[in-house]
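Asker: Pasting the sequence and the predicted coordinates here, then a few questions.
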Amino acid sequence: MRRILITGGCGFIGSNFVRHELATYPELSIVNVDKLTYAGNPENLKDLPEKSRYEFLQGDICDREFIASLLTSSKIDAVINFAAESHVDRSILDSGPFIQTNVVGTQTLLDCCRLHHIPRYVQVSTDEVYGSLGATGRFTEETPLAANSPYSASKAAADLLVRAYCHTFAFPAVITRCSNNYGPYQFPEKVIPLFISNALRDLPLPVYGTGSNVRDWIHVLDHCRGIDAAMRAGRVGEVYNFGGDCELTNLELTHALLDALDKPRTLIQFVSDRLGHDLRYAVDSSKSRRELGWLPQANFRDGLRQTIDWYLANTEWINRIRSGDYRKYYEQQYGNR
Ligand code: NAD
Ligand code: TYD
């Protein structure tokens, strides 16, 4: 791989991926196409040491002409699609942008990559396409798709398009499905950065329902290593799951955050449950371990401590987000707290 194109690289996982790839592969250069929605923040990559190997272009993955001209103008060895509307609560408020970017955007990328004979395509998907688990069991790549939220339905639709292009056109794609990520640069609408930044302001932490829903937490760099392994060694047409083997109820997670921040549990406020809230996610990554040699490296306790320290050291990053357009969404979702 000499030159790859990634989409959505100004978001949480994409920006971590850019850093990881440039630091790991000295010969690699990256083109990043990002629309810069509310979640896209060029600040996330402003202090890249390897600037000469990195190019940013503002653009929409639904813009066929733009993507096609980009693929014509330079030789691209792989395309990795991170670009998405990614927040479940927003998809409940309005699913329109989710269908547009996650479904139509993916279709547009697939068409352009196919016509330009791009040798490798990676669709970054989520374990949420499998729906919800009961108290036992884990998602494997064979688990039927049973998406429950408009977000996960749009991601599942995209996955099916990728599958169909592999089947119909022998299109050289792989799909990755990962559990909940944590780490630096995550937009503070997601539970971990939201709760850290609320706790630092002594604002309530809004726990949905009883806090008994379970998520499987993985460090974002372990996810990035998995995507890289799938891009380089994944078999065409295959799906690869990545999970952190770290299941926590939301209440356990909230306690861990408050303890690490030395804040009282009285900040916890139980609020109305999310509509259609998936009970439990847990991922079986044995296929990725076996076929890609992938292993999660982060230990949750250390990873969470480092993540909290990053947010403590970057309060200006969060302050700027919280005082911008995000305020409107926050007030709609949580009231004027
Ligand atoms: P994010 O919301 O932080 O970032 C999304 C990025 O995509 C932003 O930079 C945004 O500007 C860009 N974008 C949105 N619409 C676009 C469009 N039409 N054209 C170009 N760029 C556009 O999301 P994230 O958490 O970094 O997630 C990245 C990918 O990983 C998503 O596909 C998501 O479904 C998947 N995923 C996320 C998690 C998680 O825990 N965050 C877990 C599994 C999979
Ligand atoms: P989130 O970070 O939105 O990720 P996802 O919905 O994709 O799993 O939420 C993680 C869990 O935290 C989920 O069970 C919902 C819960 N949650 C809250 O209890 N309160 C909140 O304010 C948010 C944003 C999430």
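Answerer: Noted; the coordinates are in hand. Ligands and ions are numbered 1, 2, ... in the order given.
Asker: which regions of the stretch 1-150 of the chain sit below the pLDDT cut-off?
Answerer: Across the stretch 1-150 of the chain, not a single residue meets the criterion (pLDDT under 70).
Asker: Within range of ligand 2, give me the residues from it.
Answerer: With the criterion set to C-beta under 6 Å from any ligand atom, the stretch 1-150 of the chain comes near ligand 2 through residue 88. All C-beta atoms are positioned from the backbone trio N, CA, C, and that covers glycine.
Asker: Show me where the stretch 1-150 of the chain has its helices.
Answerer: 12-24, 64-73, 88-93, 96-98, 106-115, 150-169 (DSSP state H, counting those that start in this stretch).
Asker: Can you say which of those helices is nearest to residue 334?
Answerer: Residue 334 lies closest to helix 88-93 among these, at 10.0 Å (C-beta to C-beta).
Asker: re the thing from before, of all the helices of the stretch 1-150 of the chain, which one is nearest residue 192?
Answerer: helix 12-24 (10.7 Å).
Asker: rewinding a little: so which of the helices of the stretch 1-150 of the chain comes closest to residue 273?
Answerer: helix 88-93 (11.5 Å).
Asker: end-to-end on stretch 244-252?
Answerer: Using C-alpha to C-alpha, to the nearest Å, the end-to-end distance of stretch 244-252 comes out at 16 Å.
Asker: Determine if any part of that stretch is in contact with ligand 2.
Answerer: Yes: using C-beta under 6 Å from any ligand atom, stretch 244-252 reaches ligand 2 at residue 250.
Asker: Now stretch 47-62: buried residues?
Answerer: By 16 or more other C-beta atoms under 10 Å, the buried positions in stretch 47-62 come out as 48, 53-54, 56, 59-62.
Asker: which ones among the residues you listed are found in strands?
Answerer: 54, 56 (DSSP state E).
Asker: any chance of the helices of the stretch 1-150 of the chain in TSV, plus distance to ligand 1 and mean neighbour count?
Answerer: Shown next, in TSV, are those (distance: least, C-beta to the nearest ligand atom, whole Å; neighbours: other C-beta atoms under 10 Å):
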stretch	distance to ligand 1	mean neighbour count
helix 12-24	4	22
helix 64-73	9	15
helix 88-93	9	18
helix 96-98	8	16
helix 106-115	9	21
helix 150-169	5	20
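Asker: Give the full set of residues in contact with the residue located most distally from the centre of the chain.
Answerer: Centroid-distance maximum for the chain: residue 266 at 30.6 Å, with C-alpha atoms, centre = their mean. With contact set as C-beta atoms under 8 Å, 6 or more residues apart in numbering, residue 266 has no partners.
Asker: Residue 151 now?
Answerer: 85-88, 90-91, 95, 98, 102, 128.
Asker: Export the buried residues of stretch 47-62 as JSON lines, with columns for distance to residue 73.
Answerer: Compiled in JSON lines, these are given as follows (distance: C-beta to C-beta, whole Å):
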{"residue": "48", "distance to residue 73": "22"}
{"residue": "53", "distance to residue 73": "17"}
{"residue": "54", "distance to residue 73": "17"}
{"residue": "56", "distance to residue 73": "15"}
{"residue": "59", "distance to residue 73": "13"}
{"residue": "60", "distance to residue 73": "17"}
{"residue": "61", "distance to residue 73": "17"}
{"residue": "62", "distance to residue 73": "19"}
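Asker: Show me the strands in the chain, by range?
Answerer: Here the chain has its strands, by DSSP E, at 3-7, 29-34, 54-58, 78-81, 121-126, 173-178, 180-182, 205-208, 214-219, 239-242, 247-249, 268-271.
Asker: Output the contacting helices and strands for the fifth one.
Answerer: Read that as strand 121-126. Secondary-structure packing of strand 121-126 (3 or more C-beta pairs under 8 Å, 6 or more residues apart in numbering; DSSP states H and E): strand 78-81, helix 106-115, helix 150-169, strand 173-178, helix 220-233.
Asker: and residue 337, what pLDDT?
Answerer: If you check residue 337, the pLDDT there is 61.
Asker: Just put the helices of the stretch 1-150 of the chain in TSV and tack on distance to residue 176.
Answerer: Output for those, formatted as TSV (distance: least, C-beta to C-beta, whole Å):
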stretch	distance to residue 176
helix 12-24	11
helix 64-73	21
helix 88-93	19
helix 96-98	19
helix 106-115	14
helix 150-169	10
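Asker: Out of the ones you listed, which gets nearest to residue 295?
Answerer: helix 12-24 (15.6 Å).
Asker: Spit out the contact partners of whichever residue of the stretch 201-337 of the chain sits closest to ligand 1.
Answerer: As assessed by C-beta to the nearest ligand atom, ligand 1 sits closest to residue 223 within the stretch 201-337 of the chain, at 7.0 Å. Shown in contact with residue 223 (C-beta under 8 Å, 6+ apart): 13, 178, 181, 242.
Asker: and if you look at residue 144?
Answerer: Counted by C-beta under 8 Å, 6+ apart, residue 144 has contacts residue 130.
Asker: make it 10 Å
Answerer: 129-131 (C-beta atoms under 10 Å, 6 or more residues apart in numbering).
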